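J.: coords below, sequence missing:
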């Protein structure tokens, strides 16, 4: 996602619409220019994730109500809707209301240990930290957007100065689908992995309890299932619960706020070209339901159209290896359309080599992969490479685990494919992706294609398991033996698993001495393939602060051709918290 704001070359009356090839005459630089437009708006927003919908609402509230949002897909919400919906904003209103003691100074101290000035200039870091809480407050006061502060979700690197053990991350407050009217039918749902029984949306806090089957989990499950079953009127309309949670709840709240203001959103409308005139962006060309249209933007074009995670050629050009778009959990429509347009216009790019890295689980029969976050963190499992060796701390944050994978991967030490290894005890006690656990979904109920397609195998011995997944048997046996000893002592001298607060967040407090370490010693033994995936790419246009362009005369090579740009949330700050600015 990235944002480009375009200054108007001429002010036109609000609510003016120009349709079906009416001719508009504009004056600029003393020259008369004639353009044909099918439609005309003050602001055109490309993309319907959190960034695009927030931009539309803010434009409206700040005095520019003549706005159009266009979305490439037949569903709105993008990867924001698929995701867990988390946003990392220190000192936000919800954290303050909960009594959290934090400061912008502490947050900056934390971030500066993770991010160099070359990656993020000082003014961008300050802008994020100073204006993030203001943004949350603005949305709370003017829209239906509501968040819940996550009291126990720690910063990813709790060993650093300035880190917090909670209250910097938020997730959307739940929402009911019927408040969207018929628009609920076109909302992209959060990933099935965040649905109980595939139909009941669950929050991040509920997921941590349910998937790990922590104390009280069954009460939560019973309450959710009961509410679903007795809601007969909604059952007659849709198989999903009317209760929305996580990413799609956040998008639904934004969309409902747009509907309150009659801001239109066109689906099935793909960007084909940004229209430039004399070095200024003046509109866009799109294809709506297969029909080409030209839309004038009298004041601004906002590009919030996602990354290039499903463009294999761009992945191979920019991202570290190994890489495959089939491992990405981002929405399938994200193929870099807006980024490519920015490149065509000569915009400077940044962080094209980065993504929101996370191991993914490509389940046969499912459209997009699942994220592997919780299941690989629980005690009693490990992730190994073809040599049968661990190559990172399985319980650390997903970004760091994947970055470590790329660091150690080589032709001599391949870390793909990798396998999550566990035993019968783990299989009985924890949910593992689509396998659930053996109590809810015993081995004989698993689809045969899981084994036929090489996704999942089981065996009576570690040596037999190694043979089935083409992993070095001696290496795997030694690694399992080491983990069994580490589980006994509570210390992982190889990768220090369980030492950080984040590690323990998805550990099992019932296990001691280390809630992240457990033995792998009860037959049968299992292996499930995990891949070095992501849930979206980070890179995009360099977007300096508006005053940098308007007051200092920054060169066109440093700015986008549109002359004014607002910072893109994703690449501004590498992710020290969950789903920065995307969810």
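T.: Cool, the structure landed. Just so it is clear, the structure is predicted and the values come from calculations on it, not from any experiment.
J.: residues in a beta bridge with residue 243, which ones?
T.: Using DSSP bridges, the beta-bridge partners of residue 243 come out as residue 176.
J.: name the residues of stretch 125-145 that come out as buried.
T.: Applying a neighbour-count criterion of 16 or more other Cβ atoms under 10 Å, one finds 125, 128, 129, 132, 133, 135, 136, 138, 139, 143, 144, 145 buried in stretch 125-145. For every residue, glycine as well, the C-beta is placed using N, CA and C.
J.: hmm, who's touching it?
T.: 54, 57-58, 61, 89-94, 104, 107-108, 111-112, 115, 146-147, 170, 172, 175, 250, 253-254, 256-257, 260, 545, 567, 569, 572-573 (Cβ atoms under 8 Å, 6 or more residues apart in numbering).
J.: out of these, list just those in helices.
T.: 54, 57-58, 61, 93-94, 104, 107-108, 111-112, 250, 253-254, 256-257, 260, 569, 572 (DSSP state H).
J.: among those, which ones are buried?
T.: Among the ones in helices among the contacts of stretch 125-145, those classed as buried by 16+ other Cβ under 10 Å are 54, 57-58, 61, 93-94, 107-108, 111-112, 250, 253-254, 256-257, 569, 572.
J.: and residue 521, how many neighbours does it have?
T.: For residue 521, the count of nearby residues is 16 (other Cβ atoms under 10 Å).
J.: spit out the contact partners of it.
T.: For residue 521, the contacting residues are 423, 425, 480, 484, by Cβ under 8 Å, 6+ apart.
J.: my guess is the last one is in a helix, correct?
T.: I take that to be residue 484. Yes - using DSSP: H, G, I helix; E, B strand; the rest coil, the secondary structure at residue 484 is a helix.
J.: got phi/psi on the nearest residue to it once chain neighbours are set aside?
T.: Nearest residue to residue 484 in three dimensions, chain neighbours excluded: residue 519, at 4.5 Å (Cβ to Cβ, 6 or more residues apart in numbering). The phi and psi torsions at residue 519 (degrees, to the nearest 10) take the values phi -70, psi 160.
J.: ok, now how distant is residue 519 from residue 84?
T.: Here residue 519 is placed at a distance of 30 Å from residue 84 (Cβ to Cβ, to the nearest Å).
J.: please say which of the two ends up with more neighbours.
T.: Legend: neighbour count by other Cβ under 10 Å for residue 519 and residue 84, higher for residue 84 (25 against 17).
J.: is it true that the more buried one touches residue 245?
T.: No - with contacts counted by Cβ atoms under 8 Å, residue 84 stays clear of residue 245, the gap being 9.3 Å.
J.: which intervals of the stretch 351-500 of the chain have sub-threshold pLDDT?
T.: Scanning the stretch 351-500 of the chain for pLDDT under 70 picks out no residues.
J.: tell me the contacts of the residue nearest to residue 484?
T.: Contacts here follow Cβ under 8 Å, 6+ apart; on that basis residue 519 touches 380, 423, 425, 483, 484, 487, 488.
J.: assign a three-state SS to the closest residue to the fourth one other than its chain neighbours, would you?
T.: Here the nearest residue to residue 483 in space, its sequence neighbours aside, is residue 382; by Cβ to Cβ, 6+ apart that works out to 5.5 Å. In three-state terms, and counting by three-state DSSP, residue 382 is strand.
J.: swap in residue 292?
T.: Under three-state DSSP, residue 292 falls in the strand class.
J.: ok, now how distant is residue 325 from residue 118?
T.: Applying Cβ to Cβ, the value for residue 325 to residue 118 is 29 Å.
J.: try residue 258
T.: Relative to residue 118, residue 258 is positioned 38 Å away (Cβ to Cβ).
J.: repeat that for residue 41.
T.: Relative to residue 118, and taking Cβ to Cβ, residue 41 is found at 38 Å.
J.: in terms of neighbours, single out the busier of these two.
T.: Taking other Cβ under 10 Å, residue 41 and residue 118 do not tie; residue 41 has more neighbours (27 against 6).
J.: isn't residue 324 up against residue 310?
T.: No - with contact taken as Cβ under 8 Å, residue 324 and residue 310 are classed as non-touching, separated by 10.4 Å.
J.: of those two, who's got more company?
T.: More crowded of residue 324 and residue 310, by other Cβ under 10 Å: residue 310, with 21 against 16.
J.: need the contact list for that one.
T.: By Cβ under 8 Å, 6+ apart, the contact set of residue 310 is 325, 328, 330, 331, 332, 333, 334, 335.
J.: what's the local residue count around the closest residue to it other than its chain neighbours?
T.: Distances taken as Cβ to Cβ, 6+ apart place residue 325 nearest to residue 310, at 4.6 Å, with adjacent residues excluded. Neighbourhood size, residue 325 [other Cβ under 10 Å]: 21.
J.: and residue 562, what's its pLDDT?
T.: Looking at residue 562, its pLDDT stands at 40.
J.: oh, I was asking about residue 193
T.: Note on residue 193: pLDDT of 88.
J.: what does the one 10 residues further on give?
T.: Among the per-residue scores, residue 203 holds a pLDDT of 96.
J.: same check on the one 4 residues further on?
T.: As predicted, residue 207 sits at a pLDDT of 90.
J.: list the contacts of it.
T.: Residue 207 makes contact with 194, 374, according to Cβ under 8 Å, 6+ apart.
J.: and it, how far from residue 161?
T.: 30 Å.
J.: cool, residue 495 as well?
T.: Distance, residue 495 to residue 161, by Cβ to Cβ: 23 Å.
J.: do residue 152 as well
T.: 21 Å.
J.: of the two, who's got more company?
T.: Ranked by neighbour count (other Cβ under 10 Å), residue 152 and residue 161 place residue 152 first, with 12 against 9.
J.: residues near the closest residue in space to the more buried one that isn't next to it in sequence, how many?
T.: Nearest non-adjacent residue to residue 152, counting by Cβ to Cβ, 6+ apart: residue 166, 4.9 Å away. Neighbourhood size, residue 166 [other Cβ under 10 Å]: 18.
J.: mind listing what residue 166 touches?
T.: Going by Cβ under 8 Å, 6+ apart, residue 166 touches 100, 149, 150, 151, 152, 153, 154.
J.: what is the neighbour count of the nearest residue to residue 506 once chain neighbours are set aside?
T.: Nearest residue to residue 506, sequence neighbours excluded (Cβ to Cβ, 6+ apart): residue 377, at 3.7 Å. Number of residues near residue 377 (other Cβ under 10 Å) recorded here: 28.
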